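A.B. asks: Any chance you could fold what I've pasted below:
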Amino acid sequence: MNHFIFRNTTLEPLFKSHKVEFSGYDDISYINHTADIFSWFYILPYQQDNNILVDQITFFYQNIEMVYAQIPDTKYFCIFTLFNPFSSPVKTGDLSLMNAINEFNQNIIQFSKSRNNVKIINSSDFILNNQKVDLIDWKYYFISQMLINPKLSRSFGIWFKSQIDAILLKRKKCLVLDLDNTLWGGILGEDGVTGIKIGGDYPGNAFTEFQKSIINLKKSGIILSICSKNNESDVLEAWNKNTNIIIKKSDISSYRINWNNKADNIREIADELNIGLDSMVFIDDNPTERELVKQILPDVTTPDFPIQPYDLPNFSTKLVSDYFQAYNITEEDINKTKQYKSNTERAVFKKSFDDFNQYLLSLEIAILIEKASALSIPRIAQMTQKTNQFNLTTYRYTEGDIKEFIKNDDWVFTIDIKDKFGDNGITGLMIIELDNSKARINSFLLSCRVLGKGIEVAFISHLLNKLKESGIKKVFAEYIPTPKNSQVKDFYEKVGFKSVSLENDKVSPTREFIIKLEDFHFEKSNIYNIEEK
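C.D. replies: Coordinates of the predicted model:
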């Protein structure tokens with residue numbers, strides 16, 4: 001992803017691990033419009049006169065407005081908050097500079113509220129993690145106008161990537177948790193339900209705060225699962241009887257509480273939830289268990305766990321910043337735990353049927369097909385960023401990109417799936433570009449939690465019929481292979497498309513398809529109740 005950064009000082013060493021182009025110092029005359037994302041990263045200069053600094057801050061904001069006017073609203077414009085790296089005033093009662101900085105930061109926040117593509121990056125998150133004496137190396141400042149110490153480039157690069165990933169909605173999906181000496185102190189099987197350390201004085205109070213931080217993750221849409229070597233009956237008793245335990249069974253979407261290999265258990269949890277191993281983070285106090293998972297399941301992220309409980313707040317803060325941050329949370333995110341628990345119930349229910357169609361019929365599946373709206377655009381952009389398995393092209397789009405499709409009168413349709421176990425929310429998307437009597441499926445994706453029920457066939461068939469009724473003669477589509485979407489490589493052929501030879505087949509893995517709609521008709525199935533709005 002190409003990044004263009006407006007700046008007023010030397011920043012190159014901080015971004016050496018990113019594909020970045022910089023403006024000249026204080027130069028807003030040139031903008032590379034081919035960039036994918038833009039940022040404004042101005043740092044308060046070294047200046048003895050506060051009045052000059054206050055005037056410069058006003059000038060910064062005016063320039064932001066002029067720059068924004070030249071950036072397409074389909075591309076993100078990230079604005080770093082302003083901070084004072086010096087702040088040793090002669091007159092401690094002179095608050096004019098502090099007020100100007102606060103006003104600037106409030107102005108950019110207000111500026112972002114009415115512009116979906118403007119995102120605020122809070123510089124204080126990085127500054128507070130570094131001692132003031134480490135933040136500036138005056139040698140580099142006077143030699144190369146570099147205000148932030150280049151020795152911090154590695155930590156800055158990690159922090160900056162996490163900020164961009166949060167904006168692009170790239171985060172892990174599932175937290176896999178051990179129990180003994182991880183969610184509470186002590187060993188349940190030895191110390192008993194009331195003997196484990198949770199709540200009260202140290203170390204129980206440290207584990208309580210850790211559990212609270214995990215519940216906050218769950219509220220933001222992170223799936224919680226348990227992988228623990230314990231007797232299941234003991235854990236169920238602890239959940240029922242120990243009121244100090246904050247994370248209850250109802251908060252858990254899937255669990256494996258047994259004496260089996262933890263790597264095998266994690267693999268089973270991933271299969272049950274229908275998520276990729278690379279979307280999971282495994283937390284365990286035991287270094288041997290962590291090493292086993294690292295060796296057998298390298299796709300699972302397995303961070304080190306603190307030796308002392310008093311280090312848990314720092315650990316949980318880093319856990320969030322490294323793997324689970326999101327710029328905004330959608331309604332679907334908030335409902336994730338309930339939706340994945342419902343999937344587990346469906347899996348159990350399925351075992352009572354020998355006939356798959358009878359199982360589907362008994363689910364009472366309702367499919368709502370709906371045009372994109374202002375309310376659904378954030379979720380649509382999120383799905384394009386996060387969906388990998390059932391995604392024919394894996395094109396990643398921002399909210400602005402989706403608005404551009406709608407503006408061009410292309411079709412952007414979503415599906416909302418409900419059944420007797422609950423509402424999965426918006427879980428599918430198709431973007432179709434129209435060109436007179438032809439159409440091209442730009443994107444077609446479904447969330448992994450609704451796969452395996454034929455919903456994808458019902459969705460595309462409904463829209464193909466709709467295209468036929470609107471006068472479209474031919475529909476083109478493509479499959480772009482990735483390491484994660486091999487399961488859909490034959491999908492278009494299965495629903496009636498024909499493969500098209502490409503001149504560059506030998507050098508490009510992309511496969512092209514076509515269907516002539518005069519030969520196509522979808523008979524509505526009695527398994528699904530399909531409604532369109």
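A.B. asks: mind checking which helix or strand of this protein has the lowest mean pLDDT?
C.D. replies: In the chain, no helix or strand scores lower on mean pLDDT, DSSP states H and E than helix 132-135, which sits at a mean of 72.
A.B. asks: Following element in sequence after that one, please.
C.D. replies: helix 138-144 (DSSP states H and E).
A.B. asks: Can you give me the buried ones in that next one?
C.D. replies: By neighbour count on 16 or more other Cβ atoms under 10 Å, the buried set for helix 138-144 is 140-141. The C-beta positions use only the backbone N, C-alpha and C, and glycine is treated the same way.
A.B. asks: Which residues outside it are in contact with it?
C.D. replies: 10, 46, 146-147, 149-150 (Cβ atoms under 8 Å, 6 or more residues apart in numbering).
A.B. asks: which pair in the residues you listed spans the largest distance?
C.D. replies: Spatially, the most separated pair among these is 46 and 150, at 16.6 Å (Cβ to Cβ).
A.B. asks: Please identify the nearest residue in space to residue 111, excluding sequence neighbours.
C.D. replies: residue 118 (6.2 Å; Cβ to Cβ, 6 or more residues apart in numbering).
A.B. asks: Counting neighbours, what do you get for residue 469?
C.D. replies: 9 (other Cβ atoms under 10 Å).
A.B. asks: Leaving out chain neighbours, which residue sits closest to residue 234?
C.D. replies: Nearest to residue 234 is residue 188, by Cβ to Cβ, 6+ apart, at 5.3 Å.
A.B. asks: Which residue ranges make up each domain of this structure?
C.D. replies: For the chain, automatic domain parsing gives the domain ranges 3-167, 174-324, 349-532.
A.B. asks: Do I have it right that residue 185 meets residue 198?
C.D. replies: Yes - contact criterion Cβ atoms under 8 Å: residue 185 and residue 198 qualify, at 7.1 Å.
A.B. asks: who's more crowded, these two?
C.D. replies: The residue with more neighbours, out of residue 185 and residue 198, is residue 198; 24 against 19, by other Cβ under 10 Å.
A.B. asks: What pairs with the top strand by length along the chain, parallel or antiparallel?
C.D. replies: Secondary structure assigned by DSSP state E gives strand 422-435 as the longest strand of the chain. Paired neighbours of strand 422-435 in the sheet (DSSP bridges): strand 411-419 (antiparallel), strand 438-446 (antiparallel).
A.B. asks: In a strand, residue 147, correct?
C.D. replies: No - assessed with DSSP: H, G, I helix; E, B strand; the rest coil, residue 147 is coil; it does not lie in a strand.
A.B. asks: gap between it and residue 141?
C.D. replies: 6 Å (Cβ to Cβ, to the nearest Å).
A.B. asks: Also residue 522?
C.D. replies: In terms of Cβ to Cβ, residue 522 sits 67 Å off from residue 141.
A.B. asks: Same question for residue 477.
C.D. replies: 55 Å.
A.B. asks: Next: residue 415.
C.D. replies: Applying Cβ to Cβ to residue 415 and residue 141 gives a distance of 55 Å.
A.B. asks: what do residue 147 and residue 141 both touch?
C.D. replies: residue 46.
A.B. asks: got any ranges where the stretch 101-250 of the chain has weak pLDDT?
C.D. replies: Counting by pLDDT under 70, the stretch 101-250 of the chain has low-confidence residues at 131-133.
A.B. asks: which residues does residue 70 contact?
C.D. replies: Contacts of residue 70 (Cβ under 8 Å, 6+ apart): residue 31.
A.B. asks: Doesn't it belong to a helix?
C.D. replies: No - using three-state DSSP, the assignment for residue 70 is coil, not a helix.
A.B. asks: which ones are touching the closest residue to residue 186 other than its chain neighbours?
C.D. replies: Once flanking residues are discounted, residue 186 sits nearest to residue 196: 4.4 Å by Cβ to Cβ, 6+ apart. Applying Cβ under 8 Å, 6+ apart, we find residue 196 in contact with 180, 184-188, 238, 242.
A.B. asks: Highest neighbour count among those residues?
C.D. replies: residue 184 (28 neighbours).
A.B. asks: surely that one meets residue 200?
C.D. replies: No - the pair formed by residue 184 and residue 200 falls short of the contact definition of Cβ under 8 Å, at 11.3 Å.
A.B. asks: May I have the beta-bridge partners of residue 513?
C.D. replies: Bridge pairing for residue 513 - DSSP bridges - gives residue 477, residue 499.
A.B. asks: From residue 410, how far off is it?
C.D. replies: Distance of residue 513 to residue 410, given as Cβ to Cβ: 19 Å.
A.B. asks: Past the helix or strand where residue 107 lies, which element shows up next along the chain?
C.D. replies: Following DSSP H and E, the helix or strand that holds residue 107 is helix 96-113. Downstream of helix 96-113, the first helix or strand assigned by DSSP H and E is strand 118-121.
A.B. asks: Just list the residues touching the closest residue to residue 466 other than its chain neighbours, thanks.
C.D. replies: Excluding its sequence neighbours, the residue lying closest to residue 466 (Cβ to Cβ, 6+ apart) is residue 532, at 8.0 Å. Contacts for residue 532 (Cβ under 8 Å, 6+ apart) come out as 368-370, 462, 466.
A.B. asks: Could you tell me which of those belong to strands?
C.D. replies: Per DSSP E, the subset of the contacts of residue 532 in strands is 368-370.
A.B. asks: Which among those residues count as buried?
C.D. replies: Buried among the ones in strands among the contacts of residue 532 by 16+ other Cβ under 10 Å: 368-369.
A.B. asks: could the ones in strands among the contacts of residue 532 go into TSV alongside pLDDT and distance to residue 234?
C.D. replies: TSV is the format used below for these (pLDDT from 0 to 100; distance: Cβ to Cβ, whole Å):
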residue	pLDDT	distance to residue 234
368	95	44
369	95	47
370	96	47
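A.B. asks: How far away from the center of its chain is stretch 36-44?
C.D. replies: 22 Å (Cα atoms, centre = their mean, to the nearest Å).
A.B. asks: Could you give me the buried positions within the helix or strand residue 288 falls within?
C.D. replies: Using DSSP H and E, residue 288 sits in helix 287-296. By neighbour count on 16+ other Cβ under 10 Å, the buried set for helix 287-296 is 289-290, 292-293.
A.B. asks: List of residues touching that helix?
C.D. replies: Contacts of helix 287-296 (Cβ under 8 Å, 6+ apart): 178, 261-263, 266, 282, 284, 300, 302, 304-305.
A.B. asks: so which of those would you say is closest to residue 124?
C.D. replies: Among the contacts of helix 287-296, and counting by Cβ to Cβ, the member closest to residue 124 is residue 304, at 26.3 Å.
A.B. asks: OK, contacts around that closest one?
C.D. replies: Per Cβ under 8 Å, 6+ apart, neighbours of residue 304: 287, 290.
A.B. asks: mind checking the SS state of it?
C.D. replies: Here residue 304 is recorded as coil under three-state DSSP.
A.B. asks: Residue 284 - how many residues pack around it?
C.D. replies: When neighbours are counted by other Cβ under 10 Å, residue 284 registers 25.
A.B. asks: Ramachandran angles for the residue lying closest to it once chain neighbours are set aside?
C.D. replies: Distances taken as Cβ to Cβ, 6+ apart place residue 178 nearest to residue 284, at 4.0 Å, with adjacent residues excluded. Backbone torsions for residue 178, taken as degrees, to the nearest 10, come to phi -80, psi 170.
A.B. asks: Poorly predicted segments of the protein, please.
C.D. replies: For the chain, the ranges with pLDDT under 70 are 87-92, 131-133, 501-508.
A.B. asks: I'd say residue 357 and residue 527 touch.
C.D. replies: Yes - counting by Cβ under 8 Å, residue 527 is a contact partner of residue 357 at 6.6 Å.
A.B. asks: Centre of the chain to stretch 345-356, how far?
C.D. replies: 31 Å.
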